[in-house]
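S.K.: I'd like to go over a predicted model; first the sequence, then the structure.
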2 protein chains.
Amino acid sequence: MTDTTTEHPATILIIDDHPLLRRGVSQLLELEDDLLLAGEAGDPREGIRLALELDPDMVLLDLNMPQMDGIETLKRLRDGGFAGRVVMFTVSDHEEDVVNALRSGADGYLLKDMDPDEMVRQLRQASLGRMVISESLTALLAEALCSQRNQPAAPDIHSLTQREREILLELAAGLSNKMIARKLEITEGTVKVHVKHLLKKLNLRSRVEAAVWAVQEGIER
Amino acid sequence: MTDTTTEHPATILIIDDHPLLRRGVSQLLELEDDLLLAGEAGDPREGIRLALELDPDMVLLDLNMPQMDGIETLKRLRDGGFAGRVVMFTVSDHEEDVVNALRSGADGYLLKDMDPDEMVRQLRQASLGRMVISESLTALLAEALCSQRNQPAAPDIHSLTQREREILLELAAGLSNKMIARKLEITEGTVKVHVKHLLKKLNLRSRVEAAVWAVQEGIER
DNA sequence: TCCGCCCTACCCCCTTGGGTGTAGTAGACT
DNA sequence: AGTCTACTACACCCAAGGGGGTAGGGCGGA
């Protein structure tokens, strides 16, 4: 498995605001000739730019950055057309964060305090297209899947407020924000706020997805 | 019926690029105290601006103007939030034009060569919320409804080209133009062209409407 | 051969959308 | 009294959408 030197090495971009941690990963990767550090970024925007420019096989993405959270960064990566693997890399072992990240399309979720050997092994797995999760999280993950106490980020109509449901309905009817505003007698800016909120709650990326979802769910007043 | 002077008169805005014709209508309306000319516009953009500013009860809209066709003007009026009646006013007695206008949401279709008496009568009807059609067109209209030879502007998947159907599918999946371009390996500009064309063919106003329509129709490859 | 449609690509223009942030008000619950 | 959520509104910014137009290559039918 480790002998993949005849193949081209898997290129990895790390996006993390901690220089020391980037350095650590960098040194870890240098020891493996089938894993190659494609680049580093200290903030999300720079990271997204680099990812689209370098097009690495994998992005190792810090979930908690001051400028932008990892979920948002992941979204923007996908929006930008990045097609490689995106593995979350974080200190948070909260079930909520794990579930949220995976629901948002992350290809893996690794903890920063994990064993270097396991780290390398998991990265290798990820580069092969497998979804990876830190071993210490598997129990927690199983629990999350069984007990249904994971309301956050669940695309559920009930997570929306009454007003947001109204806006979603009009939106799905094909109305623009301006038209919705006129119809509900509020400003366009307020409509935008509601749309933004419902997109976030439903974990969708555009009003088109929201409209299609609403239609398929058969949402009604 | 003519005695509605106790009510406020119905205000009418005329949008037509022929000054003489505007003058004619103007004089015709002056003779009726229940019909009031709210304003005139010689080109579509000015007309739209005026309509939104004056908010007349009815817009008399030339179907054939050099700057912008009447259908497009009608769309923009509705997009702008104009909620009054929009009656097409034209020389064209082509079935295609009539059907197209009515399908696009026009509240009436009157011919410019119609009898002044009928004209006034029809305008009065329109101001009451009734749909009006020049009498000389009724036969033609009936025929159009019976014989189904009205492909133009019929929201039909078969009116789309293969490529347009592909784009519609991706669009309905929530992909942006850029993502569709990447997926189909063409430029974003070309995707925009296809989207523009399919919206026109399906007589829809936005990609959201297109997406919802596609989903409801159960469009597949 | 010429015409027309399809697909592609590009130009210009302006509007719309979606994100950031701050902030005020009202009602409900602690 | 304090806090939380919902709803409203506005600022700014940049990306995306949608309209107009022109144009060239390919392909098939008149």
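M.R.: Sure, I can see it.

S.K.: could you say what helices and strands the helix or strand hosting A:Gly39 packs with?
M.R.: Element membership of A:Gly39 [criterion: DSSP states H and E] is strand A:35-41. Counting contacts by 3 or more C-beta pairs under 8 Å, 6 or more residues apart in numbering or on different chains; DSSP states H and E, strand A:35-41 packs against strand A:10-15, helix A:19-30, helix A:44-54, helix A:116-127. (Each C-beta comes from the backbone N, C-alpha and C, glycine too.)

S.K.: please save the CA atoms from the last one in PDB.
M.R.: What follows is helix A:116-127 as a C-alpha-only set of coordinates in PDB (Å, rounded to 0.1, in the frame of the first residue of the first chain):
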ATOM      1  CA  PRO A 116       0.900  10.800  13.200                       C
ATOM      2  CA  ASP A 117       0.900   7.300  12.000                       C
ATOM      3  CA  GLU A 118      -2.800   7.200  11.900                       C
ATOM      4  CA  MET A 119      -2.800  10.600  10.200                       C
ATOM      5  CA  VAL A 120      -0.700   9.400   7.400                       C
ATOM      6  CA  ARG A 121      -2.700   6.300   7.000                       C
ATOM      7  CA  GLN A 122      -5.900   8.200   6.900                       C
ATOM      8  CA  LEU A 123      -4.600  10.700   4.400                       C
ATOM      9  CA  ARG A 124      -3.500   7.900   2.100                       C
ATOM     10  CA  GLN A 125      -7.000   6.400   2.400                       C
ATOM     11  CA  ALA A 126      -8.500   9.700   1.600                       C
ATOM     12  CA  SER A 127      -6.400  10.200  -1.400                       C
END
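
S.K.: just name whatever secondary elements the helix or strand following that helix is in contact with.
M.R.: Remark: after helix A:116-127, the chain's next helix or strand is strand A:132-133, criterion DSSP H and E. Applying 3+ C-beta pairs under 8 Å, 6+ apart, one finds that strand A:132-133 contacts strand A:108-111, helix A:116-127.

S.K.: that older thread, redo the helices and strands packed on strand A:35-41 as TSV? Include mean neighbour count.
M.R.: Putting these into TSV (neighbours: other C-beta atoms under 10 Å in any protein chain shown) gives the following:
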stretch	mean neighbour count
strand A:10-15	24
helix A:19-30	15
helix A:44-54	18
helix A:116-127	18
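
S.K.: ok, which of the ones you listed comes nearest A:Arg165?
M.R.: Of all the helices and strands packed on strand A:35-41, the one in closest proximity to A:Arg165, counting by C-beta to C-beta, is helix A:44-54 (31.6 Å).

S.K.: pLDDT on the closest one, on average?
M.R.: Mean pLDDT, helix A:44-54: 88.

S.K.: packing partners for it?
M.R.: strand A:10-15, strand A:35-41, strand A:58-62, helix A:70-79.

S.K.: A:Lys112 contacts A:Gly24, correct?
M.R.: No: counting by C-beta atoms under 8 Å, A:Gly24 is not a contact partner of A:Lys112; they are 9.0 Å apart.

S.K.: near chain B, which residues of chain A? Just list them.
M.R.: Proximity of chain A to chain B (C-beta under 8 Å from any C-beta of the partner chain) is limited to residues A:79, A:81, A:171-174, A:176, A:178-179, A:182, A:204-209, A:211-212, A:215-216.

S.K.: make it 10 Å
M.R.: A:78-81, A:83, A:171-176, A:178-179, A:181-183, A:204-216 (C-beta under 10 Å from any C-beta of the partner chain).

S.K.: beta partners for A:Met58?
M.R.: Note on A:Met58: beta-bridge partners A:Ile12, A:Arg85, judged by DSSP bridges.
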